[in-house]
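Enquirer: My questions concern the predicted model and sequence given below.
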Amino acid sequence: MKVILAEKAGFCFGVKRAVDTAFEKAEEAVRTGRPIYTYGPVIHNEEVIKKLEEKGVKILNSLDELKNISEGSIIILRSHGVGKDVYKLIEDAGHEYVDTTCPFVKNIHKIVDEKSSAGAAIIIIGNRGHAEVEGTLGWCSGDAYIVDSEEDIRKLPDLSGREIVVVEQTTYSLKKFQELVAVLRQIYYNVNVCKTICNATEERQNEASRLSSEVDCMIVIGGKTSSNTQKLYEISRQHCANTYYIQTLDDMDFTVLGSASRVGITAGASTPNYIIKEVHDRMSELSFEEMLENEETVSIRSGQVVDGVVVSVKPEEIAVNIGYKIDGIVTAAEYSNAPVDLTTVVNEGDPIKVKVLRVNESESTVILSYKRVVAEQDNAALKEAFENGTVLKGVVTKVVKGGLNVNVGESRVFIPASLVSDTFEKDLNKYLDQEVEFVLTEFDPHNRRVIGNRRKLIEETKAAAAKALFENIKTGDVVKGKIKNITDFGAFVDLGGADGLLHISEMSWGRVDNPKKLFKVGDEVECFIKELDTETGKIALSLKFDDRNPWIGAEEKYAIGTVVTGTVARMTEFGAFIVLEPGIDALLHVSQISLDRIEKPADVLTRGQEVTAKVVDLNVAEKKISLSIKALLKDQAPAEEEADDTVYSDTEAAEAEPVEDAAAEDAE
C-alpha cells in the first residue's frame, strides 16, 4: 500500500503564527502570574485548544465575560479576526489584547472598512455564523449581506445603482465562490469582486482535488468545526467515494482501507503537524498481515457492498446468500423507495448486489439494502451529470415546504421553489407526479444536498428563443403575439422568445383611458415593431398602422363648412372636445357652443352627449379641427338675425382666440 501525503497539509502561515503566539503568551502568563484568555477558540482544532487549556489559557465565549475576569488580563484575539469595536471594549475594560488575526483576514477588514464607509454595499460570500464572517461583519459601517447560496442572492434587496463590493471567507470553496459571483454578475452590473480567499487555501483545495482523484482511499485530518477542513472533505469526497474525516489517529478505522493500493492524506490549515505525522507513520507501518486481517474483518461489516444470490422471495422481504454464515434480509422498504411486491420483481437464483446495513450475530440477523446500492450508482451518475452539466429527468414525488422532491432512480434531488421556474410559482402542487427536466447546481450527497435547477433550463431556452427572434425581426416588421400582462401604462405581448411593450399611447389612433377595456390576457394581437434595441432586448410595439390613420382624407371629409356629428369626450373651462371618429378629436370652444353667453361647457353639455356642429377651422398638419354650434345656428336662423351683436370683454376675447392652440395642447 502506498501512502501519499499532500504537500500543503497542516498549518498555514497565519495559523502557525497564531498558535505560536498563543503558546508564547501562555508561557509569559505563567512567569508573570497574569490570567490569560482567548476570545473564542484561537483556531478550530480541539487538540490545540486542549493543549492551551493545559497551559492555563481559558476561552472567553462573549464580551460580556470581560466584567468577570481580573483587570490586566491578557486576551488573545483569534486568527479568524474580530469586529472593529472589540479592540476598544477590551482596552476600556483594562485588559491587554494580543492580535493574532491572519494577515489575509486583516486585508478583508481593511477593504470592507474603507468601502462600506464610502457607501458601498458589502457582500460577504461565506458560511453564516463562521467566526471569520462574523468578525468581518464587525468592520462594515453600512449595508452588509452574507451569501452562501444562490437562494441567498435571490433574497438580496435591489442594489442597482450602488457599488457592490464582494469579499470571500478565506477558507471558502473556490469553485462555489466562482459560481456565486457568476450569479451576482448576471443580476448586477456594478459588482466589484475582491478575491480574498487565502492562497494557501486555494492551493490546498486544488491539491486535494487532484490527489483524491488518483487514490483508492482518502483520509482528511482536522477539527470537526474547521471550515477549511470540511471543504477539503467535500472536495475529496467528490473524487473519491472512500473518503474519511478524522481528528486524530484514535479516530482512524484501518479496516476501511480494505485492499486499497494507494491512500491519500490531507489536512486542514488548523491541524498540527504532529497529528498528521502520527497518522502518516502508522499507515506507512501497516503490515501485510494486518491488511489481510482487516480484509477478513471488512468482508462482512456495516457499510460494505457485497454480491449475493436471492435464495427465497416473499412479498415483503427476500433472503440473500452473501457467502456469510447467515443469509441476509432485504425488506421491501430497502429494495425500493416506491411501494413494491417483491414477488413481482425478484426471483430465486437472481444475482443481486447489496449493502450491509447491520450485523447482529446474537440474533442471527444481517440486514441488507438493495436500494442504497442503486442510489450510490445513481449518485455516481448524478455526480457525472453535475460535472458535465447534463440535463436530467425525474418524477416529482412530493411537494414540500420550499420546493419539490424529485426521484432520479433511487436517488432524491431537491429543487428549491426559487429554482422551479423563472417566474414566481404560488402553488407547486401542479408539478406533483409530473416528470420534470433540470440540471444539478449543487452535489453533496454526504450532507444530503443534491440541488436541482429547472429555472436555468427555462432561462436558457428563452434566451435561445430570444436570440432567434432578434435575428429574424427588424423595425417596421408586422408581428403576432399574445397578451401576457396588462398594466396601467400598456400591455406586454409574448412574441415567442421575448416580450414587447404595447404602450397605451400606441394602442389606438384615438385616446385610450384604460388598456384593460381594450384587451384581456390571452388575446392575440397583430402589431408592428416601432422600436428595437437588441442590446437591452427591448421591443416597442404599436397598433397605429399608417394606412389606418384616421387623418388620411381628412381634408375632404372635414373641410371647413362641413357639418359633422360627434360625441362629447371631455370638457375643460375653455371648451369641449368632441370625438368625430376614433383618433380624431375636435375642439368646440366655449364661445362657440351657443348663441347665448355661457360660463363653462358643463352648463349646457354632458359627457357622452351627441352634438352637431360646423367645421370652422382645419389644420391637418397639426391635426386640429375647430367646431362651432353657434355658426351652425346662425346658418339656420333668418337672415336678419344672423348678425352677432355680442360684445366681449378683453378677457373673453383673449379666451376665445387660442382655440386651435388649446385643442392641440389637450390632444397632445
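Expert: Cool, got the structure. Numbers count the residues shown, from 1 in each chain.
Enquirer: Is the closest residue to residue 273 other than its chain neighbours in a helix, a strand, or coil?
Expert: Distances taken as Cβ to Cβ, 6 or more residues apart in numbering put residue 10 closest to residue 273, at 4.9 Å, once the chain neighbours are dropped. Placement of C-beta: from N, CA and C, glycine included. Look at residue 10: counting by DSSP: H, G, I helix; E, B strand; the rest coil, its state is coil.
Enquirer: Model confidence score at residue 10, please.
Expert: Looking at residue 10, its pLDDT is 79.
Enquirer: and if you look at residue 650?
Expert: Note on residue 650: pLDDT of 38.
Enquirer: and the lengthiest helix in the chain, what does it pack onto?
Expert: The longest helix of the chain (DSSP state H) is helix 13-32. The contact analysis (3 or more Cβ pairs under 8 Å, 6 or more residues apart in numbering; DSSP states H and E) places helix 13-32 against strand 36-39, helix 46-54, strand 57-60, strand 74-77, helix 103-117.
Enquirer: Now do it against helix 103-117, angle only.
Expert: 100 degrees (axes from the mean of the first three to the mean of the last three Cα atoms, to 10 degrees).
Enquirer: So what's the model's average confidence on helix 13-32?
Expert: The average of the pLDDT scores along helix 13-32 is 87.
Enquirer: still on that earlier bit, can you check which of the helices and strands packed on helix 13-32 gets nearest to residue 233?
Expert: Residue 233 lies closest, by Cβ to Cβ, to one member of those: helix 46-54, at 16.1 Å.
Enquirer: For residue 349, which of the helices and strands packed on helix 13-32 is the nearest?
Expert: Comparing those by Cβ to Cβ, helix 46-54 comes nearest, at 52.1 Å.
Enquirer: which strands and helices sit next to that closest one?
Expert: Counting contacts by 3+ Cβ pairs under 8 Å, 6+ apart, helix 46-54 packs against helix 13-32.
Enquirer: My guess is residue 541 contacts residue 506. True?
Expert: Yes. Between residue 541 and residue 506 a contact is recorded at 6.7 Å, counting by Cβ atoms under 8 Å.
Enquirer: got any ranges where the protein has weak pLDDT?
Expert: Within the chain, the ranges that satisfy pLDDT under 70 run 258-259, 286-299, 361-363, 638-668.
Enquirer: for residue 50, what are its contacts?
Expert: Residue 50 sits next to no residue when contact means Cβ atoms under 8 Å, 6 or more residues apart in numbering.
Enquirer: Could you report the separation of it from residue 92?
Expert: The gap separating residue 50 from residue 92 is 31 Å, by Cβ to Cβ, to the nearest Å.
Enquirer: Same question for residue 270.
Expert: Taken as Cβ to Cβ, the span from residue 270 to residue 92 is 31 Å.
Enquirer: Could you do residue 609 as well?
Expert: 82 Å.
Enquirer: repeat for residue 479
Expert: Counting by Cβ to Cβ, the gap from residue 479 to residue 92 is 70 Å.
Enquirer: out of the two, which sits in the busier spot?
Expert: Remark: of residue 479 and residue 92, residue 479 carries more neighbours, 18 against 9, as counted by other Cβ atoms under 10 Å.
Enquirer: Tell me which helix or strand the more buried one sits in.
Expert: In this structure, residue 479 sits in strand 478-486 according to DSSP states H and E.
Enquirer: Number of residues surrounding residue 387?
Expert: Neighbour count of residue 387, defined by other Cβ under 10 Å: 11.
Enquirer: ditto for the one 4 residues further on
Expert: Under the neighbour criterion other Cβ under 10 Å, residue 391 is assigned a count of 13.
Enquirer: swap in the one 10 residues further on?
Expert: For residue 401, the count of nearby residues is 6 (other Cβ under 10 Å).
Enquirer: Show the backbone phi and psi for it.
Expert: Main-chain dihedrals, residue 401, degrees, to the nearest 10: phi -60, psi 120.
Enquirer: again with the one 5 residues further on
Expert: Per-residue torsions, residue 406: phi -120, psi 130 (degrees, to the nearest 10).
Enquirer: Tell me who's in contact with the closest residue to it other than its chain neighbours.
Expert: Closest residue in space to residue 406, ignoring its immediate chain neighbours: residue 394 at 3.9 Å, by Cβ to Cβ, 6+ apart. Residues in contact with residue 394, defined by Cβ under 8 Å, 6+ apart, are 406-408, 413, 435-436, 438, 452.
Enquirer: Name the SS class of residue 394, please.
Expert: Put simply, residue 394 is strand when judged by three-state DSSP.
Enquirer: any idea how far residue 266 is from it?
Expert: Separation of residue 394 from residue 266 (Cβ to Cβ) stands at 34 Å.
Enquirer: Check residue 635 too.
Expert: Applying Cβ to Cβ, the value for residue 635 to residue 266 is 104 Å.
Enquirer: quick one, which of these two is more surrounded?
Expert: Looking at residue 635 and residue 266 with other Cβ under 10 Å, you find the greater number of neighbours at residue 266, namely 30 against 12.
Enquirer: Surely that one touches residue 215?
Expert: No. Using Cβ under 8 Å, residue 266 makes no contact with residue 215, being 10.4 Å away.
Enquirer: So the residue nearest to residue 406 versus residue 302, what's the distance?
Expert: Residue 394 is 29 Å from residue 302, where distance means Cβ to Cβ.
Enquirer: Can you show me the helices along the stretch 351-500 of the chain?
Expert: 371-388, 455-471 (DSSP state H, counting those that start in this stretch).
Enquirer: Now do the phi/psi pair for the closest residue in space to residue 211 that isn't next to it in sequence.
Expert: Take residue 211 and drop its neighbours on the chain: the residue closest to it by Cβ to Cβ, 6+ apart is residue 264, 4.4 Å away. The phi and psi values for residue 264, taken as degrees, to the nearest 10, are phi -100, psi 150.
Enquirer: which residues are in contact with both of residue 541 and residue 506?
Expert: residue 530.
Enquirer: Between the two, which has more neighbouring residues?
Expert: Using other Cβ under 10 Å, the more surrounded residue of residue 541 and residue 506 is residue 541, with 25 against 19.
Enquirer: and the more buried one, bridged to which residues?
Expert: Residue 541 has these beta-bridge partners by DSSP bridges: residue 502, residue 529.
Enquirer: Please produce TSV containing the helices and strands packed on helix 13-32, extended by distance to residue 85.
Expert: Listed next are the helices and strands packed on helix 13-32 as TSV, based on distance: least, Cβ to Cβ, whole Å:
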stretch	distance to residue 85
strand 36-39	12
helix 46-54	25
strand 57-60	15
strand 74-77	12
helix 103-117	12
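Enquirer: After the host helix or strand of residue 578, which helix or strand is next? Please name it.
Expert: Here residue 578 is covered by strand 575-581, with elements defined by DSSP H and E. Counting by DSSP H and E, the next helix or strand C-terminal to strand 575-581 is strand 584-589.
Enquirer: Quick check: neighbours of that next one in the sheet, parallel or antiparallel?
Expert: Strand 584-589 sits in its sheet next to strand 575-581 (antiparallel), strand 624-628 (parallel), going by DSSP bridges.
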